[in-house]
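In: Predicted model and sequence follow; I will ask about them next.
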Amino acid sequence: MSRLILRKLGLLIVLVPLLHLFGAWYVYKYNGYFYPPKPIVIMTENGRTDGVQFDTQPFMTSYRETISAMANGDLGRINEDRTKVNEYIDDFIIRSAKLLGVAFLTTIVLGLGMCLLAISPRTGRISPVMVSMFTLGNAIPGFFLGSLLILALLYAKRMGWTNQLLLPVQGYSTAKHMILPALILALRPAFYIASIGAGLLENEFQQDYVRFAKSKGLRWRTIVRRHAIPNVAPAVFASLGRGLQMVVGSLVLVEALFDWRGVGWMLFNTLTNEKAITFFNPLILSLLLALLGAVLIAVDLLASVLSLWINPLGRHASAGRG
């Protein structure tokens with residue numbers, strides 16, 4: 001287990017700075033300068049101002065200055081606005097952390113719940129209805145399903161079926177605003193986890209020891225709890241890590257769709273909205289890319305450690321090496 005943790009931490013240490021460097025370099029190529037831009041006033045022969053251009057200072061020189069400032073706790077300023085980046089971005093990080101926390105919990109509950117409900121106690125196989133649900137759930141992207149839900153809510157209000165929207169489709173000021181984006185973030189990963197877990201359970205229930213346990217008169221719940229679940233738990237936890245990574249990967253589009261002012265919403269506006277004060281801001285873009293990359297690797301590390309820890313063979317092997 002220690003080797004696994006060291007490998008993941010090594011990936012975190014290497015990949016996150018590379019993402020930060022890539023974001024900074026991309027903006028440098030796009031704008032022709034990096035932070036802090038050095039304006040040069042162009043003067044005409046009669047002493048009038050003819051315009052302003054930015055000094056094309058070498059990228060690595062500007063980047064080293066920025067990294068030195070970040071090491072001292074100064075993430076810089078936002079373009080012409082003198083607001084500090086670390087003060088501006090704090091609220092966005094908190095909102096995304098809350099949304100991801102609820103989405104992670106929803107993914108785990110829905111995924112494991114559907115995994116257990118999919119198996120028929122009579123045959124030990126996945127029911128045809130759940131097979132269809134898994135196929136449909138894994139095929140539909142989250143943002144498309146979110147768009148359909150928004151259309152359904154708006155249509156219900158327009159037709160007079162409800163006096164007001166059952167759930168708010170935009171905003172972030174109340175707990176109700178979190179329901180739809182958290183649900184959309186969680187649905188497809190939950191179907192993925194459920195389909196993987198149900199397939200493993202179905203294979204487990206066809207083994208001879210399950211038939212022998214049934215012939216001894218053991219209850220279905222006892223077989224599931226004592227025998228089947230411990231055998232498939234490591235693989236299910238591995239799929240759980242992949243599912244939670246899917247949650248983080250969908251964050252940008254879902255936050256933009258539901259106007260949830262978090263890190264994903266900020267990244268979307270930084271790349272697409274020319275009127276936003278963060279549009280192609282090199283500090284914001286590089287910081288957001290590094291932050292999302294760190295979250296993805298951290299989620300993968302957590303799921304891998306849990307999968308290895310819950311696996312008796314892996315745990316005993318690690319103890320033996322120790």
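Out: On my side now, so go ahead.

In: what helices or strands is the longest helix seen in the chain leaning on?
Out: Among the elements of type helix in the chain, defined by DSSP state H, the one spanning the most residues is helix 85-117. Other helices and strands packing on helix 85-117, by 3 or more Cβ pairs under 8 Å, 6 or more residues apart in numbering; DSSP states H and E, are helix 128-139, helix 176-204, helix 229-249, helix 251-257, helix 263-272, helix 282-310. All C-beta atoms are positioned from the backbone trio N, CA, C, and that covers glycine.

In: what's the offset of it from the middle of its chain?
Out: Between the mean C-alpha location of helix 85-117 and the chain-wide mean there is a distance of 8 Å, by Cα atoms, centre = their mean, to the nearest Å.

In: and it, average pLDDT?
Out: Looking at helix 85-117 alone, the average pLDDT works out to 92.

In: how big is the angle separating that helix from helix 229-249?
Out: Using axes from the mean of the first three to the mean of the last three Cα atoms, to 10 degrees, the inter-axis angle of helix 85-117 relative to helix 229-249 is 140 degrees.

In: Buried ones in helix 85-117, by neighbour count?
Out: Under the neighbour-count criterion of 16 or more other Cβ atoms under 10 Å, helix 85-117 has 85, 88-89, 92, 95-96, 98-100, 102-104, 106-108, 110-112, 114-115 buried.

In: in the protein, which segments are predicted with low confidence?
Out: Per-residue confidence of the chain (counting by pLDDT under 70) places the weak regions at 1, 33, 36-56, 79-81, 310-322.

In: tell me the centre residue of it?
Out: With the centre of the chain defined as its mean C-alpha position, the nearest residue by Cα atoms, centre = their mean is residue 248, 0.5 Å away.

In: Distance of that residue relative to residue 124?
Out: Plainly put, residue 248 is 34 Å away from residue 124 if you go by Cβ to Cβ, to the nearest Å.

In: Equivalent analysis for residue 15, please.
Out: Taking Cβ to Cβ as the criterion, residue 15 is separated from residue 124 by 42 Å.

In: Please apply the same query to residue 253.
Out: As for residue 253, its distance to residue 124 is 38 Å (criterion: Cβ to Cβ).

In: With residue 111 instead?
Out: Using Cβ to Cβ, which is the criterion applied here, residue 111 is 20 Å from residue 124.
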